[in-house]
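**Q** Give me a 3D structure for the following:
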Amino acid sequence: MDDTSPPPFSLWLRELPVTVPIALAPLRRAQPVPDARAGEGQPVLVFPGILSSDSATALLRRTLDASGYRAYTSELGFITGITPATMARAVERLAEVAEAEQRKIALVGWSLGGLYARVLAQRHPELVELVMTLGTPFSGDRRANNAWRLYEAINDHTVDAPPVPDDPAVKPPVKTIALWSRKDGVLAPAAARGLPHERDAEIEVPFRHFALASTRPAIDRVVLELGRALES
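**A** Predicted coordinates for the structure are as follows:
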């Protein structure tokens, strides 16, 4: 399979059952991640993906908390895309968390949420410890995915002409790690992996797109990789 092209329909269909753990995330109990680096109180601001809200990342945030981190919601509401208003709110939220914690914040963004994380780190690197994206389409053709038609249907702009000036492909001046998967049924793997000059590290993981921040094995891997990135 060409990893610069949108995944085949068969992979997309395999994503659908994973919507169940996303829906149940607020009800699920978290456990510390075995063998994970102690979070040592590192604050983490977590951004959900398109057509979801902070409830979708509830299990990820609780797992981070259980593992010694201090996880924060994005407070962006139900996300349908990127607009000047939601980006302004994301900037405010980062500033709020940084002020409350009096230290730099790790940003974790799932899918579209990773675009928010990368742009925030571009604009305010002085507030950001690192950026970790989970299946985020920041690189290459903005139509190299199976979601661009939906995005354009629910927004008043095309994927090629977002109403903000930032280019998410530009590497922020902080440590930037991209998690991606060949099992992703939404994005072309290359779009989430990025090119060497667009991120500091890329990590292949064996999870579907919708699983990246909703299933326990995927969440455990995210927490492990976050700890390794903070240590290095």
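
**Q** residues of the lengthiest helix in the chain that come out buried?
**A** Of all the segments of type helix in the chain, defined by DSSP state H, the longest one is helix 84-101. Under the neighbour-count criterion of 16 or more other CB atoms under 10 Å, helix 84-101 has Thr86, Met87, Arg89, Ala90, Val91, Arg93, Leu94, Val97, Ala98, Glu101 buried. (Each C-beta comes from the backbone N, C-alpha and C, glycine too.)

**Q** then it to CSV, C-alphas only?
**A** Taking Å, rounded to 0.1, in the frame of the first residue of the first chain, the C-alpha atoms of helix 84-101 are listed here in CSV:
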residue,chain,number,x,y,z
PRO,A,84,-9.9,31.6,14.7
ALA,A,85,-12.2,31.5,17.7
THR,A,86,-11.3,27.9,18.7
MET,A,87,-7.6,28.6,18.2
ALA,A,88,-7.8,31.7,20.3
ARG,A,89,-9.5,29.7,23.0
ALA,A,90,-6.7,27.0,22.8
VAL,A,91,-4.1,29.8,23.3
GLU,A,92,-6.0,31.0,26.3
ARG,A,93,-6.3,27.5,27.7
LEU,A,94,-2.5,26.9,27.3
ALA,A,95,-1.8,30.2,29.1
GLU,A,96,-4.2,29.3,31.9
VAL,A,97,-2.7,25.9,32.5
ALA,A,98,0.9,27.3,32.4
GLU,A,99,0.0,30.0,34.8
ALA,A,100,-1.6,27.6,37.2
GLU,A,101,1.3,25.1,37.1
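
**Q** Whichever helix or strand comes after that helix vs helix 84-101, what angle?
**A** Downstream of helix 84-101, the first helix or strand assigned by DSSP states H and E is strand 105-110. Orientation check (axes from the mean of the first three to the mean of the last three CA atoms, to 10 degrees): strand 105-110 against helix 84-101 gives 140 degrees.

**Q** Number the residues from 17 up from this point.
**A** Fine by me, first position is 17 from now on; the one you just mentioned is strand 121-126.

**Q** Mind checking the pLDDT average for strand 121-126?
**A** Strand 121-126 shows a mean pLDDT of 98.

**Q** any idea which helix or strand comes after it?
**A** Next along the chain after strand 121-126, taking DSSP H and E as the criterion, comes helix 128-139.

**Q** and after that next one, which helix or strand comes next?
**A** Downstream of helix 128-139, the next assigned helix or strand under DSSP H and E is strand 144-150.

**Q** and the helix or strand just after that next one, how far from the chain's centre?
**A** Per DSSP H and E, the first helix or strand lying C-terminal to strand 144-150 is helix 164-170. Helix 164-170 sits 19 Å away from the centroid of its parent chain (CA atoms, centre = their mean, to the nearest Å).

**Q** Quickly list what the closest residue to Glu241 other than its chain neighbours is bridged to.
**A** Closest residue to Glu241 apart from its sequence neighbours, by CB to CB, 6 or more residues apart in numbering: Ile219 at 5.8 Å. Beta-bridge pairing for Ile219 (DSSP bridges): Leu195.

**Q** how near is Ile219 to Trp196?
**A** Per CB to CB, to the nearest Å, Ile219 is found 7 Å from Trp196.

**Q** okay, the two: which has more neighbours?
**A** Neighbour tally, Ile219 and Trp196, criterion other CB atoms under 10 Å: the higher count belongs to Trp196, 28 against 17.
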